[in-house]
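*Asks:* Quick one, structure for this:
(4 chains)
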Protein chains: 2
Amino acid sequence: MRLSTKAQYAVRAMVSLALLYEEGKPVSIKDIAKKEDLSLNYLEQLFAMLRRNQIVKSVRGPGGGYVLARDACDIRVDEIIDSVEETLVPVSCMEKNGECGCFEKCVTRNIWQGLGERIRNFLASITLEELIQEARKKMTTHEKLSVGKA
Amino acid sequence: MRLSTKAQYAVRAMVSLALLYEEGKPVSIKDIAKKEDLSLNYLEQLFAMLRRNQIVKSVRGPGGGYVLARDACDIRVDEIIDSVEETLVPVSCMEKNGECGCFEKCVTRNIWQGLGERIRNFLASITLEELIQEARKKMTTHEKLSVGKA
DNA sequence: ATCATACCTGAGTATTTTTGTCAATTATTC
DNA sequence: GAATAATTGACAAAAATACTCAGGTATGAT
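*Replies:* Numbering: from 1, shown residues only, chains lettered A, B, ... in the order given. Alright, predicted model coming up:
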């Protein structure tokens, strides 16, 4: 029962994007890669998926980069994960919108369905905005501790 | 976000075990393998793990097999899954009982922790007994439909 | 005793999924 | 038209998963 690193990276990258963003200026993937210490090429793939799912918008050319497609308070964590990972449903036979055809036999079906719903609901209850605020809070307390590091 | 087939098999096998059980007579792994259409050898591995975790008891020799180690109403689904799969925690850095050391930086930590708790709580809220009763219910309605099949 | 049954163990393998890398292209700004 | 940065698709390494196999060990029945 593991979330892929892909999904974890995507969420972290989205927080980074939001934090690095300053009015009107797109954030390059390079900056995010540096901040999060991730492979540039790999991040590119993730952002391509995020873009296709309308989580971010891209701006090409010099000075370009990525921007949130909507307000942070309107982006839910489950949407971010959906963009890069196929599914939050815990078992594969339930993929195609609920009907695996084994209804009569399958005793455990209800469990997995219930579990999938809990996971979905929980991740849908958290917005990017909340993560950003938490991040800012942690940053300030952390900065107090590491003053004069450089 | 997938549960391993291992975990799925284990839960199904436990239901099978409980359904096949008749007073005093252990159920052989072979019967379960047949009923669930799983590899005998693979099931053996799973039951070895279930035994080590005191979910089932084994009886060796002819006429032997496996028996529930406790009442079905006292066996929770999360225990079954724990026995065969390492973890219900969604990200690896949180393995060792919660402390990954990246507390200050890690903005997403709270999400994964919360998610892990939801998953755990949900699976802990279901007992084997409940699954058995549901299975019996489905069996009777299903039998009505497939009368005279053989 | 010995034989058949059925659990028990650990090593090994094949498959799939995940996690990336690389090379080449396209769009945009200066 | 040169530099920048997103965009794409193919490919590859590595890890996890899902098994198989070849033995062993305990027990009951004859």
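*Asks:* Just give the closest residue to A:Ile119, not the sequence neighbours.
*Replies:* The spatial neighbour of A:Ile119 that comes closest, neighbours along the chain excluded (Cβ to Cβ, 6 or more residues apart in numbering or on different chains), is A:Leu88 at 5.2 Å. Glycine gets a C-beta too; all of them are placed from N, C-alpha and C.
*Asks:* Hmm, I typed the wrong one, I wanted A:Val107.
*Replies:* Spatial nearest neighbour of A:Val107, chain neighbours left out: B:Ala135 (4.3 Å); criterion: Cβ to Cβ, 6+ apart.
*Asks:* who touches that neighbour in this structure?
*Replies:* A:Val107, B:Val15, B:Leu19 (Cβ atoms under 8 Å, 6 or more residues apart in numbering or on different chains).
*Asks:* now do A:Leu128
*Replies:* Contacts here follow Cβ under 8 Å, 6+ apart; on that basis A:Leu128 touches A:Met14, A:Val15, A:Ala18, A:Leu68, A:Ala72, A:Cys73, A:Ile75, A:Arg76, A:Val77, A:Ile80.
*Asks:* Give the helix, strand or coil label for A:Leu88.
*Replies:* Assigned with DSSP: H, G, I helix; E, B strand; the rest coil, A:Leu88 falls in the coil class.
*Asks:* If you tally nearby residues, what's the number for it?
*Replies:* Counted with other Cβ atoms under 10 Å in any protein chain shown, the neighbours of A:Leu88 add up to 21.
*Asks:* Verify the contact between it and A:Phe122 for me.
*Replies:* No - contact between A:Leu88 and A:Phe122 fails when scored by Cβ atoms under 8 Å: they sit 9.8 Å apart.
*Asks:* all strands of chain A, in order?
*Replies:* A:56-59, A:65-68 (DSSP state E).
*Asks:* deepest of these, which one?
*Replies:* Comparing these by mean neighbour count (mean count of other Cβ atoms under 10 Å in any protein chain shown), strand A:65-68 comes out on top with a mean of 20.
*Asks:* Is it correct that A:Trp112 is in contact with A:Pro90?
*Replies:* Yes - shown here, A:Trp112 and A:Pro90 form a contact pair, counting by Cβ under 8 Å, at 5.0 Å.
*Asks:* Close to DNA strand C: what parts of chain A are there?
*Replies:* Along chain A, the residues adjacent to DNA strand C under the rule Cβ under 7 Å from any atom of the strand are A:4-6, A:9, A:39, A:41-42, A:44-45, A:60-64.
*Asks:* got those residues as JSON lines, with pLDDT and neighbour count columns?
*Replies:* Below are the residues of chain A next to DNA strand C laid out as JSON lines (pLDDT from 0 to 100; neighbours: other Cβ atoms under 10 Å in any protein chain shown):
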{"residue": "A:Ser4", "pLDDT": "91", "neighbour count": "16"}
{"residue": "A:Thr5", "pLDDT": "92", "neighbour count": "13"}
{"residue": "A:Lys6", "pLDDT": "93", "neighbour count": "16"}
{"residue": "A:Tyr9", "pLDDT": "94", "neighbour count": "20"}
{"residue": "A:Ser39", "pLDDT": "93", "neighbour count": "11"}
{"residue": "A:Asn41", "pLDDT": "93", "neighbour count": "9"}
{"residue": "A:Tyr42", "pLDDT": "95", "neighbour count": "13"}
{"residue": "A:Glu44", "pLDDT": "95", "neighbour count": "13"}
{"residue": "A:Gln45", "pLDDT": "96", "neighbour count": "12"}
{"residue": "A:Arg60", "pLDDT": "95", "neighbour count": "8"}
{"residue": "A:Gly61", "pLDDT": "95", "neighbour count": "7"}
{"residue": "A:Pro62", "pLDDT": "95", "neighbour count": "5"}
{"residue": "A:Gly63", "pLDDT": "94", "neighbour count": "9"}
{"residue": "A:Gly64", "pLDDT": "95", "neighbour count": "14"}
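*Asks:* my read: A:Val11 touches B:Asn110, true?
*Replies:* No - here A:Val11 lies out of contact with B:Asn110, judged by Cβ under 8 Å, at a distance of 11.6 Å.
*Asks:* out of all of them, which helix in chain A is the longest?
*Replies:* helix A:128-145 (DSSP state H).
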